[in-house]
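J.: Here's my sequence, what's the structure:
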Amino acid sequence: MIGTKPPNPGVTHTGATRVSRASTAPRPVPRGAGPVLHEPAPTGDRGLRGVPGPLLLQRQAQHVVRRHMLRALFRTAVLMASDLAALTFLRVLIRGVGDEAWLGERAASSLRLLIPKGTFPTVEFVVAVIVGLAVFGTYRPGDRRRDSRAIAAGTTIGLALVSWTRLWTGFTWWSVAGFALAVVVVALQVVGQRALVDIVVRWVRPVNPNAPRVLIVCSAAEARDASANPAIDEPAEFQVVGYLAMDERPPADALGGLSDLLRVVDLHRIDTVVLYGHMPDAVFARLVHLSDAAGCHVLCVPRAFTLRGYAPQLVWHSGEPLVQITRPGMRGRHMILKRASDVVLAAVLLVLLLPAFAAVAALIKLTSRGPVFFRQQRVGQGGRGFRMWKFRSMVHDAEERRVDLTGRSVYQDARLFKMRDDPRVTSVGAFLRRTSLDELPQLWNVIKGDMSLVGPRPPLPAEVALYEEHHYTRLNMRPGITGPWQVGGRNNITDFEEVVRLEEQYIRHWSIWKDVGILIRTLPAVLRMDGAH
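T.: Take a look at the predicted model:
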């Protein structure tokens, strides 16, 4: 647990990691320094041996601010360099396909019709997109750099800066289509490249020795929950050094009490202070003031923010900040956009896949007794039941035989059921399941409004009967044919809580670009038959 005193003074344990003395050795403390500004001290108080408290704060702040600045410059440089490389490569690719006909003259003429030669000069194109990404904050710390909506908005603004004159003076529907195509391609390129950078960084350096050094302030009873909070329990993002206990008598595993804040910040080179849980207003204000004066970033994780299934949002009223706590879900224009895209894509796919429907139906009918389609009661958005359509992949009495096979499920949790080598599956059905062709009739459920193309998987009523309260978050959105669970490993993910976490995260951070990304990732997942039974 964080803050546990190490048995060996040469090693400090930080969460799940070990950091050697070289990385955690305290910075030499200036002569005359020591524990200062004990609770609560006026500005003019003096520290040990007569050193004024404000001067000690200023000394600490200089070192901390420098570390934050270097860290921000390094992050921005890495992101900009990767963006520059990706955008330059994309511009070269566009020029090669359009001007030099790398993919043939037909592809070249089509691309030139949409994006005429000279529309996006390389230097202006790259600079404008990077400026647009910077304007929308995608080089800031935190998850903003991965926000697909911010990246799409920055890309749109950047490309608009370059092609503004052409769009207004030579307006044609082809020019609009070309601009839209460019926005989609560039945005997907940047999103994919940012994801690749994260993967490479975590692979090369799973534990970041230059990550912010975090001190958590909380009660002893909350220390374990605080250390496990997903926001800070990430070795590549934070080094959790320990915690200060708000208790009257700090326990042995704490680094100290509230009065030891500045001593601990100075001794352990802390540059980020996390305030966790409830605390009196006066204590909260004092901790923020001292931490900020020492140059530390101050992060607050109130108890209300840790409620699963809820998302905080800062809103302002009459010049005062309020935190709005809401259960995420599809609302307003999001619902309209998602529903419209579902109907259009599902209708197009139904028409295009009619020959495949006919072939699969014939195979099922010729190789086994029973109907072509299988309908099963499922639970959808808001707990409403509906009949989900699939191509039949099992013998006709499969539902009656399920009770005898419950113990052979690959899941240990009764809220999920799937088994390997299911004896009820027909020979054709096994192929349909491995290729996910049995799911195609659910396009009709999408047209009807029971399902979406992307969303949580629809559970059985018997599974919902076993849910705990936080599991119902899955039902905040229409269930999907594919979703975060499927592209994340399908049946290889056997922990129901992990399934709920993936789907809850998807719902909370939904965007049309996230749906596009999941649909793109679904095809290779199906072709690889990941976790398919």
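
J.: mind listing what the residue nearest to K365 when sequence neighbours are not counted touches?
T.: If the residues on either side of it in the chain are set aside, K365 comes closest to V372, at 5.8 Å by C-beta to C-beta, 6 or more residues apart in numbering. Where C-beta positions appear, they are placed from N, C-alpha and C, glycine not excepted. V372 makes contact with 361, 364-365, 391-392 under the criterion C-beta atoms under 8 Å, 6 or more residues apart in numbering.

J.: nearest to P524, of the residues you listed?
T.: Using C-beta to C-beta, F391 is the member of the contacts of V372 that sits closest to P524, with 22.0 Å.

J.: That closest one and A361: what is the separation?
T.: 7 Å (C-beta to C-beta, to the nearest Å).

J.: the more surrounded of the two?
T.: Neighbour totals were compared for F391 and A361, and F391 leads with 23 against 16 (other C-beta atoms under 10 Å).

J.: So in terms of bridging, what pairs with that one?
T.: F373 (DSSP bridges).

J.: ok, it touching V360?
T.: Yes. Contact criterion C-beta atoms under 8 Å: F391 and V360 qualify, at 5.6 Å.

J.: In this protein, which residue is most central in space?
T.: Q505 (6.6 Å; C-alpha atoms, centre = their mean).

J.: can you give me the strands for this structure?
T.: 11-14, 17-20, 213-218, 239-245, 256-257, 272-276, 297-301, 311-317, 320-326, 373-379, 385-391, 452-454, 480-482 (DSSP state E).

J.: any weak-confidence spans in the stretch 201-350 of the chain?
T.: 302-312, 317-318, 321, 323-333 (pLDDT under 70).

J.: ok, now the chain?
T.: Those would be 1-60, 302-312, 317-318, 321, 323-333, 397-422, 488-494, 525, 527-533, if you go by pLDDT under 70 across the chain.

J.: Per the annotation, how does it divide into domains?
T.: 71-204, 332-528 (automatic domain parsing).

J.: could those domains be laid out in CSV, adding distance to A254?
T.: Shown next, in CSV, are the domains of the chain (distance: least, C-beta to C-beta, whole Å):
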stretch, distance to A254
domain 71-204, 27
domain 332-528, 30
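
J.: Indicate which one of those domains is closest to G256.
T.: domain 71-204 (25.7 Å).

J.: Show the end-to-end separation of the closest one, please.
T.: 18 Å (C-alpha to C-alpha, to the nearest Å).

J.: And stretch 225-243, by the same measure?
T.: Note: stretch 225-243 ends 12 Å apart using C-alpha to C-alpha.

J.: quick check, distance from it to the centre of its chain.
T.: 17 Å (C-alpha atoms, centre = their mean, to the nearest Å).

J.: For the closest residue to F431 other than its chain neighbours, the count of nearby residues, please.
T.: Residue nearest to F431 in three dimensions, not counting chain neighbours: L437, with 7.7 Å by C-beta to C-beta, 6+ apart. Number of residues near L437 (other C-beta under 10 Å) recorded here: 22.

J.: ok, L437 to L90 distance?
T.: For L437, the distance to L90 - C-beta to C-beta - is 34 Å.

J.: Please apply the same query to E439.
T.: Distance from E439 to L90, by C-beta to C-beta: 33 Å.

J.: got it, and E504?
T.: Counting by C-beta to C-beta, the gap from E504 to L90 is 34 Å.

J.: And for S109?
T.: If you go by C-beta to C-beta, the gap between S109 and L90 works out to 20 Å.

J.: now do T367
T.: 47 Å.

J.: okay, those two: which has more neighbours?
T.: Taking neighbours as other C-beta under 10 Å, T367 and L90 compare with L90 leading, 21 against 11.

J.: ok, back up a step: now the residue nearest to K365: how far from I481?
T.: Counting by C-beta to C-beta, the gap from V372 to I481 is 19 Å.

J.: next one: R112
T.: 37 Å.

J.: More neighbours: the two, which one.
T.: The neighbour comparison of R112 against I481 (other C-beta under 10 Å) goes to I481, with 26 against 16.

J.: quick one: that one and L443 touch, right?
T.: Yes. Look at I481 against L443 with C-beta under 8 Å: they come within range, at 7.4 Å.

J.: one step back: mind putting the strands of the chain in a markdown table, distance to L337 included?
T.: Listed next are the strands of the chain as a markdown table, based on distance: least, C-beta to C-beta, whole Å:
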| stretch | distance to L337 |
| --- | --- |
| strand 11-14 | 43 |
| strand 17-20 | 42 |
| strand 213-218 | 38 |
| strand 239-245 | 40 |
| strand 256-257 | 52 |
| strand 272-276 | 36 |
| strand 297-301 | 32 |
| strand 311-317 | 19 |
| strand 320-326 | 19 |
| strand 373-379 | 24 |
| strand 385-391 | 22 |
| strand 452-454 | 12 |
| strand 480-482 | 15 |
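
J.: For V351, find the nearest of those.
T.: strand 452-454 (15.3 Å).

J.: Paired strands for that closest one, with orientation please.
T.: strand 480-482 (parallel).

J.: what sits opposite Y243 in the beta ladder?
T.: With DSSP bridges as the rule, Y243 is bridged to I216.

J.: what's the span of stretch 265-274, first residue to last?
T.: The first-to-last residue distance of stretch 265-274 comes to 12 Å (C-alpha to C-alpha).

J.: The nearest residue to P371 once chain neighbours are set aside - how many residues pack around it?
T.: Distances taken as C-beta to C-beta, 6+ apart place R392 nearest to P371, at 6.1 Å, with adjacent residues excluded. For R392, the neighbour count with other C-beta under 10 Å is 24.
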